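Visitor: What follows is a protein structure lacking sequence information:
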């Protein structure tokens with residue numbers, strides 16, 4: 001892959017990382033790590049209806065799952081940036097063939113070609 005394309009993908013990766021960090025920060029600003037009772041304004045869960053508490057718990061677990069997904073994607077982006085520095089970017093980590101430009105344009109942190117990715121998902 002030529003240097004111009006590498007710079008293009010490097011820029012895409014930095015933009016993706018910035019967006020992901022901004023989204024993760026928004027989750028943290030919403031108080032995702034705070035006690036559920038503090039968020040609800042309750043001193044204890046005793047006087048709260050179980051369905052309300054269950055809804056809050058469900059939303060918290062969903063937010064934590066989304067935050068974990070974002071953090072995993074940030075790791076993938078960092079890995080792709082490391083591969084650019086080591087001149088290994090754009091090659092499938094399994095079959096070592098080039099990953100198509102269409103795939104890299106859509107998912108710049110892709111570590112596998114589409115065929116290996118499909119095999120791995122099956």
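Guide: Perfect, thanks for sending it. It should be emphasised that the depicted structure is a prediction, and the values quoted were computed from it without experimental measurement.
Visitor: Could you give the number of residues near residue 99?
Guide: Each residue near residue 99 was counted by other Cβ atoms under 10 Å, and the total is 22. Bear in mind the C-beta positions are built from the backbone N, C-alpha and C, glycine included.
Visitor: need the longest helix for this protein.
Guide: Scanning the chain for the helix with the most residues, using DSSP state H, yields helix 50-85.
Visitor: now that one, how far from the centre of its chain.
Guide: Helix 50-85 sits 7 Å away from the centroid of its parent chain (Cα atoms, centre = their mean, to the nearest Å).
Visitor: residues of that helix that come out buried?
Guide: Going by neighbour count (16 or more other Cβ atoms under 10 Å), the buried part of helix 50-85 is 56, 60, 67, 70, 73, 74, 76, 77, 80, 81, 83, 84.
Visitor: how far away is the fourth one from residue 96?
Guide: Residue 70 sits 29 Å away from residue 96, taking Cβ to Cβ, to the nearest Å as the criterion.
Visitor: go on, the last one?
Guide: From residue 84 over to residue 96 the distance is 17 Å, taken as Cβ to Cβ.
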